[in-house]
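K.L.:
This is the structure alone, sequence omitted:
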């Protein structure tokens, strides 16, 4: 009887040792961690212009679509600024038109001065020929020279006036610098007016919304968030003793604490280059006299496969989960 009990005890111990060995082997080939949380892209909504909130068109936790109106700002000041910019543009265009008219007048004066100079030069040449034959007095030749020189001076003055008018005008039409500057200010005013209506950049769920009509917001001020309905992943923090067996592309299974029995499929997407402690607000100072070795954890991102979940049980950012990686499988490319 005593020997039988010993044999039973040995059998139990052997079974326990075998079970422990199998469990250890499974853990070595399928590292797991429950220090894992569901993640997604979270966009911060902010206005590009400041103002008072006129209407909030969405509610907390509401599903919104790309292009859907989220909120509206009062735009009376922006409309007034647009009107002022429009008036400034029209004034710049009128000024450029007046400058073009001045250039045209200066060109006409130059053409007239050239015609007068041509006539004076012809009269001087004739007088000089007559004087050389003795048929014209010196005084008449001097008068012709004076007239020619005066016409030449008038031509030079008209050319200088044309150059000044052209320099003052610059390029013509929409290429004019003053007109282009006014056009830029007008476009800025139009963009600012459009920015008074905030639209959703992606499909997703509204989160952290406490904004109400009448509130004043500043340009660039974070207002609320949108959790994008796109790629989902799990950030799993594995022990450093497991990292050597993990490779990108290895398959993984994910269970979500909030949905018991639901199993998601995924794959290892990337392995962090630094432990979580390195990026904490107060990194540990290990070069101290009372150092205690602590096993570090490294973030491993698990990309979830599309369609592996249940539409009736939507994922939520920050949900606790458990990740198990199969290191025996061939990593997917």
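P.N.:
That came through fine. What you see is a predicted model; the values in this text were computed from it and never measured.
K.L.:
Show the subsequent helix or strand relative to the strand of greatest length in the chain.
P.N.:
Across the chain, the longest stretch assigned as strand under DSSP state E is strand 222-239. Using DSSP states H and E, the helix or strand that follows strand 222-239 in sequence is helix 240-243.
K.L.:
List the buried residues in that next one.
P.N.:
242, 243 (16 or more other Cβ atoms under 10 Å). To be clear about C-beta, it is placed using only N, CA and C from the backbone, and glycine gets the same treatment.
K.L.:
How far away from the center of its chain is it?
P.N.:
37 Å (Cα atoms, centre = their mean, to the nearest Å).
K.L.:
pLDDT of the helix or strand just after it, averaged?
P.N.:
Downstream of helix 240-243, the first helix or strand assigned by DSSP H and E is strand 251-256. For strand 251-256, the mean per-residue pLDDT is 93.
K.L.:
distance between strand 251-256 and the chain's centre?
P.N.:
For strand 251-256, the distance to the chain centre is 34 Å (Cα atoms, centre = their mean).
K.L.:
Could you do stretch 74-91 as well?
P.N.:
Taking mean C-alpha positions (Cα atoms, centre = their mean), stretch 74-91 and its chain are 26 Å apart.
K.L.:
which other residues reach it?
P.N.:
Identification of contacts with stretch 74-91 by Cβ atoms under 8 Å, 6 or more residues apart in numbering yields 49, 51-54, 179, 182-183, 185-186, 188-190, 192-193, 196.
K.L.:
Tell me which stretches of the stretch 1-150 of the chain form strands.
P.N.:
Assigned by DSSP state E, counting those that start in this stretch, the stretch 1-150 of the chain shows strands spanning 32-46, 51-56, 63-64, 69-73.
K.L.:
no, scratch that, I was asking about the stretch 201-333 of the chain
P.N.:
Going by DSSP E, counting those that start in this stretch, the stretch 201-333 of the chain shows strands at 204-207, 216-217, 222-239, 251-256, 263-271, 297-304, 320-325.
K.L.:
Dump those to JSON lines, plus mean neighbour count and distance to residue 160.
P.N.:
Output for the strands of the stretch 201-333 of the chain, formatted as JSON lines (neighbours: other Cβ atoms under 10 Å; distance: least, Cβ to Cβ, whole Å):
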{"stretch": "strand 204-207", "mean neighbour count": "20", "distance to residue 160": "67"}
{"stretch": "strand 216-217", "mean neighbour count": "15", "distance to residue 160": "57"}
{"stretch": "strand 222-239", "mean neighbour count": "19", "distance to residue 160": "60"}
{"stretch": "strand 251-256", "mean neighbour count": "21", "distance to residue 160": "82"}
{"stretch": "strand 263-271", "mean neighbour count": "17", "distance to residue 160": "71"}
{"stretch": "strand 297-304", "mean neighbour count": "21", "distance to residue 160": "73"}
{"stretch": "strand 320-325", "mean neighbour count": "20", "distance to residue 160": "83"}
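K.L.:
Could you say which of the strands of the stretch 1-150 of the chain is packed most deeply?
P.N.:
strand 69-73 (a mean of 19; mean count of other Cβ atoms under 10 Å).
K.L.:
What strands flank it, and is each parallel or antiparallel?
P.N.:
strand 51-56 (antiparallel), strand 197-199 (antiparallel) (DSSP bridges).
K.L.:
where along the stretch 1-150 of the chain do the helices fall?
P.N.:
2-29, 76-132, 138-169 (DSSP state H, counting those that start in this stretch).
K.L.:
rewinding a little: Throw the strands paired with strand 69-73 into a markdown table and include distance to residue 313 and mean pLDDT, thanks.
P.N.:
Below are the strands paired with strand 69-73 laid out as a markdown table (distance: least, Cβ to Cβ, whole Å; pLDDT from 0 to 100):
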| stretch | distance to residue 313 | mean pLDDT |
| --- | --- | --- |
| strand 51-56 | 29 | 94 |
| strand 197-199 | 29 | 95 |
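K.L.:
still on that earlier bit, got the strands of the stretch 201-333 of the chain as a markdown table, with distance to residue 278 columns?
P.N.:
Shown next, in a markdown table, are the strands of the stretch 201-333 of the chain (distance: least, Cβ to Cβ, whole Å):
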| stretch | distance to residue 278 |
| --- | --- |
| strand 204-207 | 29 |
| strand 216-217 | 36 |
| strand 222-239 | 13 |
| strand 251-256 | 24 |
| strand 263-271 | 14 |
| strand 297-304 | 10 |
| strand 320-325 | 21 |
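K.L.:
closest to residue 30 out of those strands?
P.N.:
strand 320-325 (5.4 Å; Cβ to Cβ).
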